[in-house]
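**Student:** Kindly return the folded structure for what I paste below:
(6 chains)
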Protein chains: 6
Amino acid sequence: MAMVDVSKKPEVFREATATGTIKLKTETIRLINQRKIAKGDTLYTAKIAGILAAKETSILIPLCHPLPLTNVEVEIRVTDKGTVQVTSTVKAKAQTGIEMEALVAAAVSLLTIWDMVKQYEKDAEGQYPLTVIENIRVAKKTKEGVSSERKRKKAQG
Amino acid sequence: MAMVDVSKKPEVFREATATGTIKLKTETIRLINQRKIAKGDTLYTAKIAGILAAKETSILIPLCHPLPLTNVEVEIRVTDKGTVQVTSTVKAKAQTGIEMEALVAAAVSLLTIWDMVKQYEKDAEGQYPLTVIENIRVAKKTKEGVSSERKRKKAQG
Amino acid sequence: MAMVDVSKKPEVFREATATGTIKLKTETIRLINQRKIAKGDTLYTAKIAGILAAKETSILIPLCHPLPLTNVEVEIRVTDKGTVQVTSTVKAKAQTGIEMEALVAAAVSLLTIWDMVKQYEKDAEGQYPLTVIENIRVAKKTKEGVSSERKRKKAQG
Amino acid sequence: MAMVDVSKKPEVFREATATGTIKLKTETIRLINQRKIAKGDTLYTAKIAGILAAKETSILIPLCHPLPLTNVEVEIRVTDKGTVQVTSTVKAKAQTGIEMEALVAAAVSLLTIWDMVKQYEKDAEGQYPLTVIENIRVAKKTKEGVSSERKRKKAQG
Amino acid sequence: MAMVDVSKKPEVFREATATGTIKLKTETIRLINQRKIAKGDTLYTAKIAGILAAKETSILIPLCHPLPLTNVEVEIRVTDKGTVQVTSTVKAKAQTGIEMEALVAAAVSLLTIWDMVKQYEKDAEGQYPLTVIENIRVAKKTKEGVSSERKRKKAQG
Amino acid sequence: MAMVDVSKKPEVFREATATGTIKLKTETIRLINQRKIAKGDTLYTAKIAGILAAKETSILIPLCHPLPLTNVEVEIRVTDKGTVQVTSTVKAKAQTGIEMEALVAAAVSLLTIWDMVKQYEKDAEGQYPLTVIENIRVAKKTKEGVSSERKRKKAQG
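**Tutor:** You can find the predicted model right below:
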C-alpha cells in the first residue's frame, strides 16, 4: 500500500468539477428558499464548509497528496425536484488530479446542509425517513494540454 | 446564525447508524474482492478514513458540537448489485444527536473508496462515466430513555 | 512549564463573552452594509470562521485544555463609528475557564472580516494604511455558583 | 461567494509583516521580564503558537489559499508603555498576498500571551478589567518586482 | 476492525507517564546546555510540541478515542550519557487508558528536539550517523481505584 | 527563535528514509503474523497512520516548513528478533530537507502498532513491562545533484 508516486510527473494546470444532491422535505425546501432556517443561512454555510473541506482533503483521504489549490468554488441551487444541488469546482497546478478535492467539497457541503436543516427533517421518533444524499459524481475533469486543449480546438473549429 | 445551545440538555447515551453506497465498474468490484487494487486494501483504508473523519466532525461541519465519541465502527461490504455499501455506527453520551458523526464517517469512507480505485474507474479521457456515490442516509438513531427504552419494552413483551 | 492541572476541579457551567472591533474605510463599511463585497457575505463568513476557531482553541493556544463547548455564538454589527464589532459568546460545563475560546472566536472573526474586504482596504501600493483590529477584550465571564448566583441575588434585590 | 481565483497569477516572492500589542498590568509585565510567570516562558510560548498558527491560516480563514510559507518569524518585546508588542513576518513565493498569514501569527501570539498570564490579570471577580489586545495591523507588504524593486532603485539612487 | 467500544465503562481518573531519549553528539548537547542552538530554545520548543501533540492523539492514532485531558506535562533533561530524556505525564477522567496520549507527547517532543538540532547532527554528506531516538516506554499508568488505591494502602502501612 | 528562512534556496528533488522498531511479546508477534489482533490489521493501520502523519509534520513540529510531498510510503515487517520494523520513505521537490517528515511517519506508525496491540502487551497490573519503541533513525537522505548524482557516478563507475 502506498500513495501513488507523482514525483516525476510534470505540474499541469488542472480543474475538476463535482456535483451531488440532497433530497429534503418540501417544507424544508420552502424554508430554505425563504431564508427561514433557524440555524442560519443553510446554503452559505454549506458553501464555506465545502471550501474549507477541499483544503483538508489530504488529511481526510489517506492516500491523497497535499495540493496547492488556486481556487475552490461551491455553487448551490434548489432544484424544482425538491432537492438541493451542490456543484464544486477546484483548480490547481499540480502533478496529480484534483477530483478528490472537488468530491470532498461537494460531500461536505451536502452534509452541512443536512446539519443545518436537521430539526425540520426529523420525524416524531427522531428518524430521517426522507432525507438522503445522492448522486455525488465527478462532472468534469480538465488538464492543460489535454481536455482544455481539445476544447479550444473545437471552439476554434 | 448560531450553534444550537445544548447547555441545559442532559447527557444521554446515544447511537446513530448511517449508510451509503458507491457504484463501481464490475471489473473494479472484482479487483476489490480479489484484493488486487494497486493502491492498497480499499475497504480497510476506507474504514480507517471513516473512523478518523467521525472524530473531526465538529471541525468539518461548522455548527456541530465537539462530542466525546465512545465508539466508531465502519463496516463495508460488496453487494451483488455492483456497489460497495458502507455502514457506520457511532456512540456517545452526549447532549445532542450524533447522526452527523455517523454521516461524516460514511461519506468519507465512500470518498476514500473512490480515491483507492480511481485508476480503474477513469475512462480514456480521464472522466468517470459510471462512478457515483449514492444513498447516504441515517439508518437509525437511538437515545437512552427513548428508542432503546421502547425496544426494551417490546423485548419484554 | 506546564498546563494548569485542573484534574481535581469540579465541572461547573461557564459562559464567557469577548468583543473586538475592526476599523475599515467608510466605503468598505458601505459595501458591507449593502452586501456588495465581491468575495461574499463578509459578516456571515466571519461568524462561521469564529465558531469553527473556538472549537480549535486547544490546538491554537498551546496550554489550553480541550473543552466540550455546548454553545458558540458570534454576533457582528456595523457601528456608527466606521468599525465592525464582533461579540462572541461560548458556553461549557468545564473544569476551567473558557474565556480563551471566546477570545479566539472574536479574533478569528475579525481576521476573517479583514480577509473578505482586503481589496477595498489596500491602497495603490498594496498597503493597509487604515485597517486595524482593536480592542479585543473579555466582556464578561460567569460561572455557576459565582457570578450568576450573584446576578440572581441582585435581580431578586 | 468564492475564493479569489489566482490560477493565472504568476508566483512572486512576497513578504508581509504584521504587528499588534497586548496591554497588561504593570505587575504582570514585571513578572514577564523576570521570567516568573508560573505557566512558563510567556514570550517564547507565544512565538511558537504564532508560527504554528501562520501555517494553519488556510484552515482558519475560510477563503484563504493554502500557501507554501518559506519562513515565519515572530518577535516579541515588552515596550515601556506597559504593553507587549508582537511583530510577525512571513515569506513565500506565492500567487497571492500573505498578509493574512502574518496577521494570524500576530493575533495568535497575542492570544497566547493572554493565556499565559491569565491568573495575574484577573480581578477578584474573575474579570479582566485592564487586559486588551490592540492595534493589530499590517506593517508592510512587499512583492518582488514591486515594493522591493522600488526599494532597490531608491537604494541605487 | 473497530475502535474498542468504551460506552459502558465508567469514567475513572487516570494518569500515564511515558519516557524516551534521543542520543545526540557531545557538541550538540553542549550547545543545548549553553542555550546556543541557533533555531531556538530546543527543550522548551520540544515541550510545547509534545503538549500540543498529546491533544491531537485521536487524530494521529486511528483507533484512539477523543479524551478530555485535564493535564499534560513534559519534562526534559540532559543526562550525563549524552542523551536528552523526555518524560511526559497526562491526566484525564476517562473511560479508557491514556497511555497513548503520553506516548505521543514523548515521541513528538523527541522528534522536535531532532528538528531543532538538525544542523549540528548532520555530517558532511547530510546524513545522521549518530542521532537516534530510543527507549520510548510507558513508565507508569495509574487508575483511581486500582494503582492509586494500592499506593495509598501501602502508604498507610 | 525562528524557522530557517529557505526563501532563497532552490527547489530540489529530495528523498528521505527513516526506520524504527517496536519490541513486542512473542505472543503478540504471533498474533500479528496470524492477523488475529482483535482491533484490526495492525500493520496496515500503522502504515496509513504513518502516511497521514507525514502530511501533518508542519503542524506537529513547530519550526518545520509545509512541504508538498509527492510520495510517502511506509513498509513494515516483522523481524526474527521479536520486533516489528517500520521503514518510511518520503519524496518532494522542496527547498529544505524532508527527513522530519520521514521520521514523523515512522514514529506515528510505531505508536499506532502499540495502540493496536495494547491489550496483549499489558500485564495484570495494566503496565507495559516489555513494550518499547527503539532505534528511530534517518536511514538515508538524498538530494538531486548531491547524493543521487554521486550514486549515479558510482553506478557508472
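**Student:** pLDDT on stretch A:78-94, on average?
**Tutor:** For stretch A:78-94, mean pLDDT is 95.
**Student:** for it, which positions count as buried?
**Tutor:** For stretch A:78-94, a neighbour-count test (16 or more other C-beta atoms under 10 Å in any protein chain shown) marks A:78, A:83-94 as buried. For glycine as for every other residue, the C-beta is placed from the backbone atoms N, C-alpha and C.
**Student:** Next step: those residues restricted to strands.
**Tutor:** Judged by DSSP state E, the buried residues of stretch A:78-94 include A:78, A:83-94 as members of strands.
**Student:** quick one: the helices in chain A?
**Tutor:** Per DSSP state H, chain A carries helices over the ranges A:26-33, A:42-54, A:57-60, A:99-121, A:147-156.
**Student:** where does chain A have its least confident helix or strand?
**Tutor:** helix A:147-156 (a mean of 49; mean pLDDT, DSSP states H and E).
**Student:** Pull the contacting residues for the residue nearest the centre of chain A.
**Tutor:** Taking C-alpha atoms, centre = their mean, the centroid of chain A lies closest to A:Ala106, which sits 1.6 Å from it. Shown in contact with A:Ala106 (C-beta atoms under 8 Å, 6 or more residues apart in numbering or on different chains): A:Ala18, A:Thr19, A:Gly20, A:Gly50, A:Val74, A:Val86, A:Thr87, A:Ser88, A:Ile136.
**Student:** Widest-spaced pair of those?
**Tutor:** A:Val74 and A:Ile136 (13.3 Å; C-beta to C-beta).
**Student:** Neighbour count for the two, which is higher?
**Tutor:** The residue with more neighbours, out of A:Val74 and A:Ile136, is A:Val74; 28 against 25, by other C-beta atoms under 10 Å in any protein chain shown.
**Student:** so how far is E:Val90 from the more buried one?
**Tutor:** Using C-beta to C-beta, to the nearest Å, A:Val74 is found at 39 Å from E:Val90.
**Student:** go on, A:Arg77?
**Tutor:** Distance from A:Arg77 to E:Val90, by C-beta to C-beta: 48 Å.
**Student:** A:Ile48 too?
**Tutor:** As judged by C-beta to C-beta, A:Ile48 and E:Val90 stand 34 Å apart.
**Student:** Check A:Ala106 too.
**Tutor:** From A:Ala106 to E:Val90 the distance is 39 Å (C-beta to C-beta).
**Student:** ok, back up a step: ok, so of the ones in strands among the buried residues of stretch A:78-94, who is nearest chain D?
**Tutor:** A:Lys91 (4.8 Å; C-beta to the nearest C-beta).
**Student:** Give the closest residue to that closest one in space, chain neighbours not counted.
**Tutor:** A:Asn71 (4.2 Å; C-beta to C-beta, 6 or more residues apart in numbering or on different chains).
**Student:** Within range of chain D, give me the residues from chain A.
**Tutor:** By the rule C-beta under 8 Å from any C-beta of the partner chain, the part of chain A lying against chain D is A:13, A:44, A:47-48, A:51-52, A:55-56, A:66, A:68-74, A:91-93.
**Student:** Sort out which of those are buried, if you could.
**Tutor:** Applying 16+ other C-beta under 10 Å to the residues of chain A next to chain D, the neighbour count classes A:13, A:44, A:47-48, A:51-52, A:55-56, A:66, A:68-74, A:91-93 as buried.
**Student:** which parts of chain A sit against chain C?
**Tutor:** With C-beta under 8 Å from any C-beta as the criterion, chain A meets chain C at residues A:Gly40, A:Asp41, A:Tyr44, A:Thr45, A:Ile48, A:Ala49, A:Leu52.
**Student:** A:Leu111: which of those is nearest?
**Tutor:** Nearest to A:Leu111 among the residues of chain A next to chain C: A:Ala49, at 7.7 Å, using C-beta to C-beta.
**Student:** number of nearby residues for the closest one?
**Tutor:** 29.
**Student:** show me the contacts for it.
**Tutor:** With the criterion set at C-beta under 8 Å, 6+ apart, A:Ala49 makes contact with A:Val108, A:Ser109, A:Leu111, A:Thr112, B:Leu60, B:Ile61, B:Pro62, C:Ile48.
**Student:** Show me which pair in the residues you listed is furthest apart.
**Tutor:** Maximum distance among the contacts of A:Ala49 (C-beta to C-beta): 14.8 Å, for A:Leu111 and C:Ile48.
**Student:** circling back: can you add pLDDT and give the residues of chain A next to chain C back as CSV?
**Tutor:** Converted to CSV, the residues of chain A next to chain C look like this (pLDDT from 0 to 100):
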residue, pLDDT
A:Gly40, 96
A:Asp41, 97
A:Tyr44, 98
A:Thr45, 98
A:Ile48, 98
A:Ala49, 98
A:Leu52, 98
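**Student:** which one of the residues you listed is nearest chain B?
**Tutor:** A:Gly40 (2.9 Å).
**Student:** Skip the chain neighbours and tell me the closest residue to the closest one.
**Tutor:** Nearest to A:Gly40 is B:Met1, by C-beta to C-beta, 6+ apart, at 2.9 Å.
**Student:** Near chain F, which residues of chain A are found?
**Tutor:** Near chain F, when you scan chain A using C-beta under 8 Å from any C-beta, you find A:1-7, A:58-59, A:62-63, A:65-68, A:95.
**Student:** quick check, nearest of those residues to D:Glu99?
**Tutor:** A:Pro68 (18.3 Å).
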